[in-house]
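K.L.:
I would like the atomic coordinates for the input below:
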Amino acid sequence: MLNNNKPAIFFDRDGVLTVSKRINGKGFAPRDLTDFCLYDDAISSLKKTRNAGFLNIVVSNQPDVATGLLQRSVLNEMNNILFNKLALDGVFNCQHAKENNCNCRKPKPGMIYTATQKFNVDLSGSWIIGDRDSDIQAGKLAGIRTIFIDRSWVSESGYSADFRCESLRDAVELIFEASTRRSG
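P.N.:
Sure thing, here's the model as predicted:
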């Protein structure tokens with residue numbers, strides 16, 4: 001039987017694709033469009049992964065919607081910007097606060113599982129790239145390989161990640177190197 005499933009790269013949004021606001025050593029998601037900007041390597045990195053046959057999927061906690069600090073309409077516009085500028089297949093946002101204890105909020109793998117069902121993802125060849133320990137934990141729970149981008153945030157160590165690096169460009173290179181070793 002032919003397997004039509006494709007591997008995916010799951011990207012956290014803030015701190016991976018878009019620049020987070022640094023306050024007291026912690027990264028915070030932008031709350032308005034004037035602060036919403038992509039890292040310089042985001043467009044080229046996602047083109048490379050798409051051309052290599054990966055699905056590109058964003059999985060992002062956005063609790064500011066639940067707390068009223070981010071309007072849902074602004075989040076929708078941010079998602080539209082991502083779709084217009086990046087080679088994306090899907091964007092999944094958890095809009096719940098931590099205390100809601102939902103299944104979609106990372107470190108739980110709910111968004112990964114929802115995307116996997118929607119896009120027929122082959123998890124055995126998939127990755128997650130994040131800048132938070134919760135991203136790495138979600139990837140581990142989903143059984144995919146993990147890359148931690150170290151943005152030097154307070155209390156984010158990436159200690160359990162399969163790989164660590166300092167930029168999205170470096171993360172994509174790690175995926176290509178690992179994929180070459182695996183198939184070679």
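K.L.:
use CA for all of it now, contacts and neighbours both
P.N.:
OK.
K.L.:
residue 150 contacts residue 163, doesn't it?
P.N.:
No: Residue 150 is beyond contact range of residue 163, at 10.4 Å (criterion: Cα atoms under 8 Å).
K.L.:
show me the shaky parts of the chain.
P.N.:
1-3, 182-184 (pLDDT under 70).
K.L.:
what about the strands in it?
P.N.:
8-11, 21-23, 26-28, 55-61, 90-94, 127-130, 145-149, 163-165 (DSSP state E).
K.L.:
most tightly surrounded among these?
P.N.:
strand 127-130 (a mean of 28; mean count of other Cα atoms under 10 Å).
K.L.:
can I get the strands of the chain in TSV with distance to residue 175?
P.N.:
What follows is the strands of the chain, written out as TSV (distance: least, Cα to Cα, whole Å):
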stretch	distance to residue 175
strand 8-11	9
strand 21-23	27
strand 26-28	25
strand 55-61	13
strand 90-94	20
strand 127-130	8
strand 145-149	9
strand 163-165	9
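K.L.:
quick one: the residue nearest to residue 104 when sequence neighbours are not counted and residue 156, what's the gap?
P.N.:
Spatial nearest neighbour of residue 104, excluding adjacent residues (Cα to Cα, 6 or more residues apart in numbering): residue 110 at 4.1 Å. Distance, residue 110 to residue 156, by Cα to Cα, to the nearest Å: 21 Å.
K.L.:
which one's more surrounded, these two?
P.N.:
Comparing residue 110 with residue 156 by other Cα atoms under 10 Å, the one with more neighbours is residue 110, at 20 against 15.
K.L.:
for this structure, longest helix please?
P.N.:
helix 168-183 (DSSP state H).
K.L.:
tell me the angle of it relative to strand 145-149?
P.N.:
160 degrees (axes from the mean of the first three to the mean of the last three Cα atoms, to 10 degrees).
K.L.:
helices or strands up against helix 168-183?
P.N.:
Applying 3 or more Cα pairs under 8 Å, 6 or more residues apart in numbering; DSSP states H and E, we find helix 168-183 packed against helix 42-51, strand 145-149, strand 163-165.
K.L.:
what's stretch 51-67 in contact with?
P.N.:
6-14, 29, 31, 46, 49-50, 70-72, 87-98, 105-106, 111-112, 115, 121 (Cα atoms under 8 Å, 6 or more residues apart in numbering).
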